[in-house]
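In: Just need the structure, nothing else, for what follows:
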Amino acid sequence: MKFREETIKEFNLYCDTTLTEDMTFAEVVDNIDSANNSYFYVSMCKDDVIEAINDEKEIADQLDLDNVYIKEVGVYITLHP
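Out: Predicted structure coming up:
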């Protein structure tokens, strides 16, 4: 499973977030939630995200997930429309 690598700047542009490099994981998730982004799973561990997708394969397949790795904060997220 591949994750598209993005910088914070790239992610902020299209997700309407204000992420910064010094944010904690909880702050990153809060910021993404506050911007009303829809996601299936978010974690700092790639394997956790892959496991969640595999565990809920039917649902994940229907959501047309966009797998993203935000480099500066080390977060893996699966966005959906």
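
In: hmm, who's touching the helix or strand of the chain with the lowest mean pLDDT?
Out: Lowest mean confidence among the helices and strands of the chain (mean pLDDT, DSSP states H and E): helix 57-62, at a mean of 94. Helix 57-62 is contacted from outside by 40, 52-53, 78, using CB atoms under 8 Å, 6 or more residues apart in numbering. Placement of C-beta: from N, CA and C, glycine included.

In: Output it as PDB - backbone C-alpha positions only.
Out: Only the C-alpha atoms of helix 57-62 are listed here, as PDB (Å, rounded to 0.1, in the frame of the first residue of the first chain):
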ATOM      1  CA  LYS A  57     -11.700  -3.700   3.600                       C
ATOM      2  CA  GLU A  58     -15.300  -3.500   2.400                       C
ATOM      3  CA  ILE A  59     -15.900  -0.100   3.900                       C
ATOM      4  CA  ALA A  60     -12.400   1.200   2.900                       C
ATOM      5  CA  ASP A  61     -13.000   0.200  -0.700                       C
ATOM      6  CA  GLN A  62     -16.200   2.100  -0.900                       C
END
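
In: What residues sit buried inside that helix?
Out: Neighbour-count burial for helix 57-62 flags residue 60 (criterion: 16 or more other CB atoms under 10 Å).

In: Leaving out chain neighbours, which residue sits closest to the residue nearest in space to the middle of the chain?
Out: Geometric centre of the chain, nearest residue: residue 77, 1.9 Å, by CA atoms, centre = their mean. Excluding its sequence neighbours, the residue lying closest to residue 77 (CB to CB, 6 or more residues apart in numbering) is residue 42, at 4.4 Å.

In: Good, wrapping up.
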